[in-house]
Each structure stands twice: as C-alpha cells, then as structure tokens.
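Novice: Quick check, what structure comes out for this input:
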Amino acid sequence: MRRFAALALVALLAACQTAQSPRPEAGGATPAALTVPAAQDIERSRGEAGRDEAIKAAVTRRVGELDRRATRAVTVEVWRGRVLLMGAVIKPEQRRKAEQAAAATEGVTTVLNELVLAEDKALDVFAADPAREDAVRRTLGIDSGTGTVVRVINGVAFLLGGAPSTEAAAAMKADATEVEGIKWVVSHLSAP
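Specialist: Below you'll find the model as predicted:
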C-alpha cells in the first residue's frame with residue numbers, strides 16, 4: 001500500500017508539471033521532484049494512440065495470416081510503436097515468424113516477444129482476462145485511457161507504457177504482483 005501511495009504522489013507531481021521539465025544546470029544536480037516528466041511525456045496523445053491502434057491492427061492481421069490455427073492465442077498490444085506479442089504458439093518457428101511479421105510492419109520501432117510455446121489443445125487458456133486486468137488497473141490507480149496497457153493472460157500480467165521514473169515502474173510491477181490470481185508480472189514500462 002505504501003508503494004501505491006508513493007506512486008500516487010509521483011503521478012500527482014507529474015500531472016502538476018509543466019510541459020517542459022526543468023533540466024539541471026551544467027555540473028549541478030536537479031532535485032528528484034523536478035525530474036518527474038510531465039504527464040503528457042508518459043501518456044500517449046490521441047494521435048499516438050490512433051497510430052498505435054493502426055499498427056496493432058496491421059500486426060494482428062499479419063500474424064494471423066501466418067497460420068490462423070497456430071496463432072489464435074497471440075495477443076498484440078502497441079505503445080508508441082513498441083509492439084508487445086503475448087500468448088502462445090505451437091512451434092518455435094511460429095514464435096520467430098510472428099516476431100518477424102511484427103517487425104516488418106510500418107511504424108513498429110521495437111518488438112517485445114513474450115510468446116510462449118504450448119500444445120494446440122492448450123492454446124485456448126491464453127485468452128485475455130478482463131476481470132483481472134481491471135483489478136490490476138485499480139490496484140495501480142490507473143484507467144485504460146492513461147496509455148499504460150495492462151493485459152492479463154493465463155495469470156501473467158503484462159504492463160506496457162510509460163512510467164514517471166524507474167522507481168515508479170518497479171513499484172507498479174511490485175503492486176501488480178499483489179493482485180489475486182496474478183502469478184507473475186512482465187513489465188515493459190519505460191521511464192524517461
């Protein structure tokens with residue numbers, strides 16, 4: 001709970017910042033409170049979110065075209081051009097081909113491949129879990145419009161987006177592990 005309070009304070013400070021965060025003078029240190037980026041530096045603009053949705057649709061289509069049956073348990077999320085592949089495929093080469101298809105999509109800057117291998121009959125357990133996703137968001141004090149993506153698949157919480165600092169990203173990951181039903185957390189939160 002203390003981590004949540006600290007994260008809330010950091011988020012409040014970020015929301016109060018101006019668009020340009022102060023930079024340290026040459027050779028001087030900047031107080032930690034002044035290095036928190038502005039909220040818009042962490043969240044996506046509507047234009048960015050729209051581009052990310054277009055990239056997500058293109059990557060999802062390309063991966064699905066590889067082998068619909070074998071890739072039916074693949075979930076794609078995108079944040080500022082960073083593509084996160086989650087879920088499962090049947091064979092290692094399908095994992096590699098999914099990553100290559102994502103990387104070849106226009107607008108993709110990075111591919112984060114978190115696909116695991118599973119038997120065909122087990123692929124159906126790799127569906128998103130909206131109820132646990134909501135529980136993780138509530139625990140982290142975020143809503144779906146902030147730009148931070150939360151996906152829970154087969155008890156694994158995936159976090160993708162921005163965080164005001166490395167410490168805040170670590171706190172978010174730790175807090176997400178406290179949610180009932182979460183086995184572990186894979187964090188791809190970037191701090192400025």
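Novice: Mind checking what secondary structure the nearest residue to T148 once chain neighbours are set aside has?
Specialist: Nearest residue to T148, sequence neighbours excluded (CB to CB, 6 or more residues apart in numbering): G161, at 3.6 Å. In short, each C-beta sits where N, CA and C put it, glycine included. When classified by DSSP: H, G, I helix; E, B strand; the rest coil, G161 comes out as strand.
Novice: Around G161, how many other residues sit close by?
Specialist: 24 (other CB atoms under 10 Å).
Novice: That one and A49, how far apart?
Specialist: 11 Å (CB to CB, to the nearest Å).
Novice: before we move on, what about G107?
Specialist: Counting by CB to CB, the gap from G107 to A49 is 13 Å.
Novice: L189: which element?
Specialist: strand 184-190 (DSSP states H and E).
Novice: In that strand, which residues are buried?
Specialist: The neighbour-count check on strand 184-190 (16 or more other CB atoms under 10 Å) flags 185-190 as buried.
Novice: which residues sit in contact with the residue nearest the centre of the chain?
Specialist: In the chain, the residue lying closest to the centroid (CA atoms, centre = their mean) is L160, at 1.0 Å. Counting by CB atoms under 8 Å, 6 or more residues apart in numbering, L160 makes contact with 77, 79, 82, 84, 112, 148-149, 151, 188-189.
Novice: for this protein, longest helix please?
Specialist: helix 46-66 (DSSP state H).
Novice: The strand holding L189 packs against which elements?
Specialist: strand 82-89, strand 156-162, helix 166-177 (3 or more CB pairs under 8 Å, 6 or more residues apart in numbering; DSSP states H and E).
Novice: per-domain residue ranges of the protein.
Specialist: Per automatic domain parsing, the structural domains of the chain span 46-124, 128-190.
Novice: Skip the chain neighbours and tell me the closest residue to L160.
Specialist: Closest to L160 by CB to CB, 6+ apart is V149, at 4.1 Å.
Novice: what about that neighbour, neighbour count?
Specialist: 21.
Novice: Contact partners for it?
Specialist: By CB under 8 Å, 6+ apart, the contact set of V149 is 77, 79, 84, 158-161.
Novice: can you check V125 too?
Specialist: 118, 154.
Novice: helix, strand or coil for it?
Specialist: Assigned by three-state DSSP, the conformation of V125 is helix.
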